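J.: Quick one: sequence plus predicted model below, questions after.
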Amino acid sequence: MSSLQDYIVRASAADGQIRAFAATTGNLVERARKIHGTSPVATAALGRLLTGAAMMGSMMKGRADVLTVQIMGDGPIGSLTVTADSMARVKGIVQNPEVMLPPSKEGKLDVGGAVGTGMLRVIKDLGLKEPYIGEIELISGEIAEDFTYYFAASEQVPSSVALGVLMNRDNTVAQAGGFIIQLMPDATEEVISHLEQKLTEVTAVSGLLEEGMTPEEILEYIFAGFDLKILDKIPTSYYCNCSRERVEKALLSLGHNELASMVDDGEPITMNCHFCNKSYTFSVEEVSAILKNAR
């Protein structure tokens, strides 16, 4: 995979009437592939979701803000869950990582067929009393189109989302990335129609990635003649915040009886983090101590 760091650029165009995000995420998608042992179609599905969530995470303001995106479809891949923070650090899981499907009729990885029909849910925990929850029916299961519909239906922001993952012949990740373009409330009809026309000319984002275009170059290509301003550049990565303390809390949540029977078994307990596959082993003495503290 690329030795260049993954990052997101934030930009505005047409005197602030448009805001845009573009990302390159090949390293973090390859990391997810290695952790979960995903098949090519599962890598593409999870990679698109991770990329979209990373850009959405970078839209959040508070350091403690957390975004969760879930896709619950009836296809063979099962459910996918990704979380992102405001520093664009993401992690994710896929229910059936080894799912294999024949290519779509266009000869591409059939993400829509793997996902099927169902729901996309976005949960934003912004430190308020209640988290924000937005939910839509999946439009295609191809993920980018579903995000586009989510922004229009749940957040009332006209948007265009493109996400792509390109695989090498050995099924490692060659390139991954995407963009989110959003119209601001003061966008004029002239700007809207000009942008719509330009977006019809844009080939699939995977084609732009294949050409080796950076996020900046992708936005320059889309916004030629729109007075593009690159505002900042944010690193993005696959990051899991699991820790021994968090796993201890998970053990406590099993309840007194369950923990007591584990102590009676006299065997150490190993728990795995679903997001990064890290193992945490607790001796019988440690489980006994957790049990005592729980009283």
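T.: Cool, the structure landed. Residues are numbered from 1 along each chain as shown.
J.: For the spatially most central residue of the chain, which three-state class applies?
T.: Geometric centre of the chain, nearest residue: residue 50, 2.0 Å, by CA atoms, centre = their mean. Assigned with DSSP: H, G, I helix; E, B strand; the rest coil, residue 50 falls in the helix class.
J.: what's it in contact with, if anything?
T.: Contact analysis of residue 50 by CB atoms under 8 Å, 6 or more residues apart in numbering lists 25, 28, 29, 32, 82, 90, 92, 238. All C-beta atoms are positioned from the backbone trio N, CA, C, and that covers glycine.
J.: Adding secondary structure and neighbour count as columns, could you present those in CSV?
T.: Supplementary listing: these in CSV, determined by DSSP: H, G, I helix; E, B strand; the rest coil; neighbours: other CB atoms under 10 Å:
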residue, secondary structure, neighbour count
25, coil, 34
28, helix, 28
29, helix, 31
32, helix, 29
82, strand, 26
90, strand, 31
92, strand, 26
238, strand, 23
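J.: Any chance of CSV for the residues you listed, columns pLDDT?
T.: CSV is the format used below for those (pLDDT from 0 to 100):
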residue, pLDDT
25, 96
28, 97
29, 97
32, 97
82, 97
90, 97
92, 97
238, 95
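J.: just the residues you listed now: which is nearest residue 218?
T.: residue 25 (12.7 Å; CB to CB).
J.: thought the closest one was touching residue 49?
T.: No. At 10.8 Å, residue 25 and residue 49 do not qualify as touching, with contact defined as CB atoms under 8 Å.
J.: Could I get the full set of helices for the stretch 151-295 of the chain?
T.: Per DSSP state H, counting those that start in this stretch, the stretch 151-295 of the chain carries helices over the ranges 189-201, 205-210, 215-222, 244-252, 256-265, 284-294.
J.: Identify whichever of those lies nearest to residue 122.
T.: For residue 122, the closest of the helices of the stretch 151-295 of the chain is helix 205-210, at 20.9 Å, according to CB to CB.
J.: What residues sit buried inside the closest one?
T.: Residues of helix 205-210 classed as buried by neighbour count (16 or more other CB atoms under 10 Å): 205, 206, 208, 209.
J.: do the same with stretch 141-156
T.: Neighbour counts over stretch 141-156 (16+ other CB under 10 Å) mark 141, 142, 143, 144, 145, 146, 147, 148, 149, 150, 151, 154 as buried.
J.: so how far is residue 208 from the first one?
T.: Which is residue 141. 22 Å (CB to CB, to the nearest Å).
J.: so how far is residue 248 from the residue lying farthest from the centre of the chain?
T.: For the chain, the largest distance from the centre (CA atoms, centre = their mean) belongs to residue 264, which lies 41.3 Å off. For residue 264, the distance to residue 248 equals 19 Å [CB to CB].
J.: Over to residue 98?
T.: Plainly put, residue 98 is 31 Å away from residue 248 if you go by CB to CB.
J.: These two: who's more crowded?
T.: residue 248 (18 against 12; other CB atoms under 10 Å).
J.: now that one, nearest residue through space, not along the chain?
T.: With CB to CB, 6 or more residues apart in numbering as the criterion, residue 248 has its nearest non-adjacent residue at 6.1 Å, and that residue is residue 290.
J.: need the contact list for that neighbour.
T.: Per CB under 8 Å, 6+ apart, neighbours of residue 290: 248, 251, 252, 259, 282.
J.: out of those, which is most surrounded?
T.: residue 251 (21 neighbours).
J.: Verify the contact between that one and residue 263 for me.
T.: No. Taking contacts as CB under 8 Å, residue 251 lies outside contact range of residue 263: 11.4 Å.
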